[in-house]
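Peer 1: Quick one, what's the 3D model for this:
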Amino acid sequence: MRCVIAKVDEVFFDGEAVSMTVPGTEGEMTVLAEHMPLITTLKQGSIVVRLAAAKGSGEAKEKIFPIQSGVLEVRRDGATVIL
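Peer 2: Below you'll find the predicted structure:
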């Protein structure tokens with residue numbers, strides 16, 4: 001799925017991911033491909049983006065983005081976080 005993490009003037013991540021875990025104000029949640037659409041606010045914590053494993057390595061990579069707050073929009077084709 002396509003994931004974007006951005007501020008108005010800066011993009012921190014824009015690419016394909018296996019999943020994205022976010023600190024929702026009502027609790028942590030993980031978004032996967034084909035997730036039901038939703039919009040929610042985020043609290044202070046970290047967003048963890050899990051990338052697909054490189055061919056032959058068998059190990060998935062993670063990118064971690066600390067945040068203070070934000071808004072998550074999930075669509076069937078991906079997710080966007082605005083900080």
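Peer 1: Residue 35 and residue 76 touch, don't they?
Peer 2: Yes: between residue 35 and residue 76 there is a contact at 7.3 Å, judged by Cβ atoms under 8 Å. Heads up, the C-betas are built off the backbone N, CA and C, glycines and all.
Peer 1: how far away is the residue nearest to the spatial centre of the chain from residue 32?
Peer 2: Note on the chain: the residue nearest the mean C-alpha position is residue 20, at 3.7 Å, using Cα atoms, centre = their mean. Distance, residue 20 to residue 32, using Cβ to Cβ, to the nearest Å: 9 Å.
Peer 1: What of residue 79?
Peer 2: Using Cβ to Cβ, residue 79 is found at 10 Å from residue 32.
Peer 1: Give the residues shared as contacts by the two.
Peer 2: By the contact definition Cβ atoms under 8 Å, 6 or more residues apart in numbering, residue 79 and residue 32 are jointly contacted by residue 1.
Peer 1: Please say which of those two ends up with more neighbours.
Peer 2: Neighbour count, other Cβ atoms under 10 Å: between residue 79 and residue 32, residue 79 has more, with 25 against 13.
Peer 1: Would you check that the more buried one makes contact with residue 3?
Peer 2: Yes: Residue 79 lies in contact with residue 3 (Cβ under 8 Å); the separation is 5.3 Å.
Peer 1: Find me the pLDDT at residue 52, would you?
Peer 2: Residue 52 carries a pLDDT value of 81.
Peer 1: hmm, I was thinking of residue 16
Peer 2: Listed pLDDT for residue 16 reads 95.
Peer 1: So in terms of bridging, what pairs with the nearest residue to it once chain neighbours are set aside?
Peer 2: Residue nearest to residue 16 in three dimensions, not counting chain neighbours: residue 2, with 6.1 Å by Cβ to Cβ, 6 or more residues apart in numbering. Beta-bridge pairing of residue 2 under DSSP bridges involves residue 16, residue 78.
Peer 1: Please verify my assumption that residue 2 contacts residue 78.
Peer 2: Yes: taking Cβ under 8 Å as the definition, residue 2 is a contact partner of residue 78 at 3.6 Å.
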